[in-house]
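S.K.: no sequence for this one, just the structure:
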């Protein structure tokens, strides 16, 4: 068997054809590993190729087995914070695994990153059955490459067809009794200018507030320009967010924020995204209030929506308790791995 790893650039004609092959490989891999999830969105995939997240650069390569493209490597190089780190997505088509393709891509990534002075590589592996205690194929591969498990997440799913509306009413009423002096604000898409600085600040707190296990990762600094660039990148991917926040009436500041994200080409599925409360305003049940308010806001505008997924670190007991009170139930696992290179 002959294996060759060849980089590609979507800016040229040959790169466009390679990107199409990369999409096919990723779509097949994700369908095999997460069959309960929506098919990989073409707009999201190709939008991401052309519009990386702000502050990041991306490089891509295909692995060819006897001349046939069967593996895809995406390497993200942070350019602001985390300049010693790199994130990798390594996919091998399910029909061509266990032939050395993954190892060839991994070794290519290590050489590439060492040349650029990066010291750590971070990637993720998914499994459908977190309770069974079985290792996923991706976990076995990561361990064989010398990576170390750094953070375990669990994906929980909310089935809106069985949503307990009276229980949501009860939780919301109980929460509001503790939240005097706060007002609810909602928006779809671009953050209103009056809240942009507060949203940028809350977004920057995610790494500080959410468990990250043994991952070596530096929090981003609050930056309205980066927030606007992030919103543009989301739009390029066909993603749109429903947002809800709690405004502190005395100061006018937005002190809690949550978001639900939908793909424009999949109306039945959403991801529960970030939920954060500014530390000085905790203890008022703002987190559960904005989650319920935002869920109902999104459903008003998305009548076909029936499934919401969210990820939480397995040790994040507080956020897990909120999500399970809303009806989320564990369905899958996600492991983050870190390798020193």
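M.R.: Perfect, thanks for sending it. Owing to the predicted nature of the structure, the values given are computational and were not obtained by experimental measurement.

S.K.: hey, let's count contacts and neighbours off CA atoms from now on
M.R.: Will do.

S.K.: For the stretch 1-150 of the chain, which segments count as strands?
M.R.: Listed in chain order, the strands of the stretch 1-150 of the chain (DSSP state E, counting those that start in this stretch) span residues 3-8, 56-65, 68-78, 85-92, 120-127, 148-159.

S.K.: Pass me the low-pLDDT residue ranges in the stretch 101-250 of the chain, would you?
M.R.: Per-residue confidence for the stretch 101-250 of the chain (pLDDT under 70) gives these ranges: 128-135.

S.K.: hey, where'd the helices end up in it?
M.R.: Counting by DSSP state H, counting those that start in this stretch, the segments of the stretch 101-250 of the chain that form helices are 101-115, 137-144, 165-176, 193-204, 206-209, 224-236.

S.K.: Against which helices or strands is the first one packed?
M.R.: I take that to be helix 101-115. With contacts defined as 3 or more CA pairs under 8 Å, 6 or more residues apart in numbering; DSSP states H and E, the secondary structure elements packing on helix 101-115 are strand 3-8, strand 56-65, strand 68-78, strand 85-92.

S.K.: cool, the fourth one as well?
M.R.: Using 3+ CA pairs under 8 Å, 6+ apart, the elements in contact with helix 193-204 are helix 224-236, strand 254-263, strand 269-277.

S.K.: rerun at 10 Å
M.R.: helix 224-236, strand 239-248, strand 254-263, strand 269-277 (3 or more CA pairs under 10 Å, 6 or more residues apart in numbering; DSSP states H and E).

S.K.: For residue 324, find the nearest of those.
M.R.: Minimum separation from residue 324 across these (CA to CA) falls at strand 269-277, 12.9 Å.

S.K.: Show me which residues of the closest one are buried.
M.R.: By neighbour count on 16 or more other CA atoms under 10 Å, the buried set for strand 269-277 is 269, 270, 271, 272, 273, 274, 275, 276, 277.

S.K.: Direction included, what does that strand pair against?
M.R.: Strand 269-277 pairs in its sheet with strand 254-263 (antiparallel), strand 307-313 (parallel), by DSSP bridges.

S.K.: tilt between whichever helix or strand comes after that strand and strand 239-248?
M.R.: Per DSSP states H and E, strand 269-277 leads on to helix 286-301 as the next helix or strand towards the C-terminus. For helix 286-301 against strand 239-248, the angle by axes from the mean of the first three to the mean of the last three CA atoms, to 10 degrees is 140 degrees.

S.K.: Just list what helix 286-301 packs against, helices and strands only.
M.R.: Taking 3+ CA pairs under 10 Å, 6+ apart as the contact definition, the neighbouring helices and strands of helix 286-301 are helix 165-176, strand 182-188, strand 239-248, strand 254-263, strand 269-277, helix 317-326.

S.K.: coming back round to it: wait, which of the helices of the stretch 101-250 of the chain is closest to residue 42?
M.R.: It's helix 224-236; of these, that one is closest to residue 42 (CA to CA) at 11.3 Å.
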